[in-house]
Each structure stands twice: as structure tokens, then as C-alpha cells.
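**Q** Here is a sequence together with a model predicted from it:
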Amino acid sequence: MGKIIFYEDRNFQGRSYECMSDCSDMSSYLSRCNSCRVENGCFMVYDRPNYMGNQYFLRRGEYSDYMSFGMSDSIRSCRLIPQHRGSYRIRIYERENFQGPNHELMDDCDNIMDRYSLSDCQSCNVIDGHWLMYEQPHYRGRMVYLRPGEYRSMRDIGYSGMRLSSARRIMDSC
């Protein structure tokens, strides 16, 4: 089970809100969120309500300032990433709607374009496990959390124009 505590101010100051599941809009609990402490599990935090905007992966630890992990605004929503035991499989497609060349990944891939000669990754089907896709090779740049399901277009989840260049499994080490 996961547990994250959010604080209104930097350095774990001000009012706090303890969360053990998904929260689509933190404004009903805190006026802002500028630091947090992950006590158990892994979470994605977002700079907009309803799991939109820039997102960041947080594992157990202390985050005294939202800017320390690259966030440019206050945390507005969060999603608990469930523990997954078993295999990891994701099928990536060069174009939207599962079109074009495709490949199945079962392990981390630090450079999709080089390894699979794909010019882009615009849709995917997460068959098993939970994944992070990154905008740049070597797990850099903006990221997007993908849980099991079909993603016909990255635009549908708020990533218009974002090229996905690397993929990493979210392992049980959270």
C-alpha cells in the first residue's frame, strides 16, 4: 500500500494532507502543494488537476521543494502506482491507431528510435505491467505514465507533439 504526505509549503511546512490512493484535485485539501514525503509505494504527481499536465515519478523519499524534481508549478493531483508482479509487455506503434511498424518490448529501452528504427511512437498497447515513457532517449525529458490498456494516440492523454523516445518498466523496487 502506498502513502504520500503533501505539504503546502517547501521543507514540509504548513498544512498537510495524507494520501493513500489517487487524488484528482488536491485543491479541496490544500491551497497549494510545494513539498511531499513518500512513505511507501510509488506515485505520479501532476501539475494540473485530473492527472493532466506535466507528470513526475516519485518513489519513497523526501521532496522538500517541488522544483527539486523539475516541476515548474505546484502539485495538483496524484496517482498511486499499483505494485506489479509478473511480466512486462508493451507493444509500441510508429503511428496513431496502432498503425505502422510496431515492436513489443519486455524490458527497458533507452533509445526506441535507434533500437527499432522507428521514426516515432504515437500509439501503444500496454499488455502487462506499468511503464514510464520519456520524451528523450536515455530516460530524459518529460515523461508519461502508462498503465495496462490501449493508447490509440498520445494526444488523447495530453501529449500532442511529444515524441516518445525511451521506455522504462516501473519495477517492484518502489
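**A** Here it is on my side, so go on. Numbers count the residues shown, from 1 in each chain.

**Q** burial of the closest residue to N11 other than its chain neighbours, as a residue count?
**A** Distances taken as Cβ to Cβ, 6 or more residues apart in numbering place S64 nearest to N11, at 4.9 Å, with adjacent residues excluded. Backbone N, C-alpha and C define where each C-beta goes, glycine included. Close neighbours of S64, defined as other Cβ atoms under 10 Å, add up to 15.

**Q** Now do the strands for the protein: every range, in order, please.
**A** 3-9, 13-19, 35-40, 42-48, 52-58, 61-63, 77-81, 89-95, 99-105, 123-128, 131-136, 140-146, 149-151, 166-169 (DSSP state E).

**Q** what are the bridge partners for the residue lying closest to Y151 once chain neighbours are set aside, then?
**A** Sequence neighbours aside, C124 is the residue nearest to Y151 in space, at 5.1 Å (criterion: Cβ to Cβ, 6+ apart). On the basis of DSSP bridges, C124 is bridged to I92, Y151.

**Q** Test my guess that the residue nearest to N11 contacts Y7.
**A** No: using Cβ atoms under 8 Å, S64 is not in contact with Y7; the gap is 9.1 Å.

**Q** Give me the common contacts of these two.
**A** Among the neighbours of S64, those also in contact with Y7 (Cβ atoms under 8 Å, 6 or more residues apart in numbering) are S35.
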